[in-house]
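coords below, sequence missing:
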């Protein structure tokens with residue numbers, strides 16, 4: 001999870017939302033997950049809750065897992081909380097098959113007791129490889145001295161495939177009742193994008 005500015009942005013958004021909740025006299029908590037639940041801080045309206053969340057996030061370290069799994073985190077949340085509004089912050093490098101199970105699980109929940117939104121955090125390098133327009137990149141394995149060459153022109157195919165995958169992921173979440181926002185890391189207007197996202201959600205519910 002700690003790739004470039006991705007983790008720092010996740011942390012900033014989480015702390016900012018916690019602070020906003022406390023300012024409105026609402027409770028807020030934190031659930032950290034990878035392939036399973038990693039840590040949990042139960043909701044509280046105590047003003048010191050923001051500092052507790054900051055401390056939890058500052059102690060977080062890289063985890064040796066192959067992929068993140070959202071479903072165990074959602075099941076844990078449902079077991080712990082009778083109702084909640086949750087914001088999922090992730091790059092959503094999940095297995096698409098898992099989201100079929102999530103769709104079925106969330107459909108059985110007693111909405112609107114559980115209201116979830118997903119903020120997808122993706123770096124520009126993960127979205128667009130226009131700098132690699134063509135040519136060959138030769139790589140050497142330092143242990144075996146074997147070589148292989150990468151056709152850089154195929155980055156376009158990769159970018160298109162990843163774009164389609166993100167669209168499928170967001171569609172699956174939306175079908176599950178989880179609305180999504182895609183944030184490109186490094187953009188200057190991240191806060192405005194998030195604010196507008198919640199304004200649009202509020203307007204559509206009126």
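Okay, I see it. Fair warning: this is a prediction, and the values are worked out from it, not measured in the lab. Residues are numbered from 1 along each chain as shown.

Look up which residues are beta-bridged to the closest residue to residue 5 other than its chain neighbours.
Once flanking residues are discounted, residue 5 sits nearest to residue 185: 5.2 Å by C-beta to C-beta, 6 or more residues apart in numbering. To be clear about C-beta, it is placed using only N, CA and C from the backbone, and glycine gets the same treatment. Beta bridges link residue 185 to residue 123, judged by DSSP bridges.

Touching, residue 185 and residue 91? I think so.
No: using C-beta atoms under 8 Å as the test, residue 185 is too far from residue 91 to be in contact (9.2 Å).

How are the strands of this structure distributed by residue range?
In the chain, the segments counted as strands under DSSP state E are 28-33, 37-44, 84-90, 114-123, 136-140, 147-151, 179-185.

Let's have the ones you listed in CSV, adding mean pLDDT.
Converted to CSV, those look like this (pLDDT from 0 to 100):
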stretch, mean pLDDT
strand 28-33, 96
strand 37-44, 96
strand 84-90, 92
strand 114-123, 88
strand 136-140, 72
strand 147-151, 75
strand 179-185, 90
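
Show residues contacting stretch 118-127.
Residues from elsewhere that reach stretch 118-127 (C-beta atoms under 8 Å, 6 or more residues apart in numbering): 3-6, 9-10, 13, 87-92, 159, 162-163, 166, 169-170, 173, 178-186, 194.

What residues sit buried inside that stretch?
By neighbour count with 16 or more other C-beta atoms under 10 Å, stretch 118-127 contains the buried residues 118-123, 126.

What of stretch 194-206?
By 16+ other C-beta under 10 Å, the buried positions in stretch 194-206 come out as 194, 197.

remind me which residues of the protein are low pLDDT?
Residue ranges of the chain with pLDDT under 70: 1-4, 94-112, 125-135, 137, 141-144, 150, 152, 205-206.

Just give me the residue closest to the centre of it.
With distances taken as C-alpha atoms, centre = their mean, residue 90 lies nearest the centre of the chain, 1.3 Å away.

shouldn't residue 85 be in contact with residue 113?
No: using C-beta under 8 Å, residue 85 makes no contact with residue 113, being 10.0 Å away.

how about the nearest residue to residue 169, chain neighbours excluded?
Once flanking residues are discounted, residue 169 sits nearest to residue 92: 5.5 Å by C-beta to C-beta, 6+ apart.

Assess the claim that the one you found and residue 167 are in contact.
No: using C-beta under 8 Å, residue 92 makes no contact with residue 167, being 11.7 Å away.

between these two, which one's more packed in?
Between residue 92 and residue 167, counted using other C-beta atoms under 10 Å, residue 92 has the larger neighbour count: 21 against 11.

Okay, the more buried one and residue 180: tell me how far apart.
9 Å (C-beta to C-beta, to the nearest Å).

Determine the longest helix present in this structure.
When the chain is parsed with DSSP state H, its longest helix is helix 155-175.

Can you list the buried residues in that one?
Neighbour count says helix 155-175 has 155, 159, 166, 169-170, 172-173 buried, by 16+ other C-beta under 10 Å.

tell me the residue furthest from the middle of this protein?
Most distant from the centre of the chain: residue 145, at 37.9 Å, with distances by C-alpha atoms, centre = their mean.

so who does that residue touch?
For residue 145, no contacting residues are found, by C-beta under 8 Å, 6+ apart.
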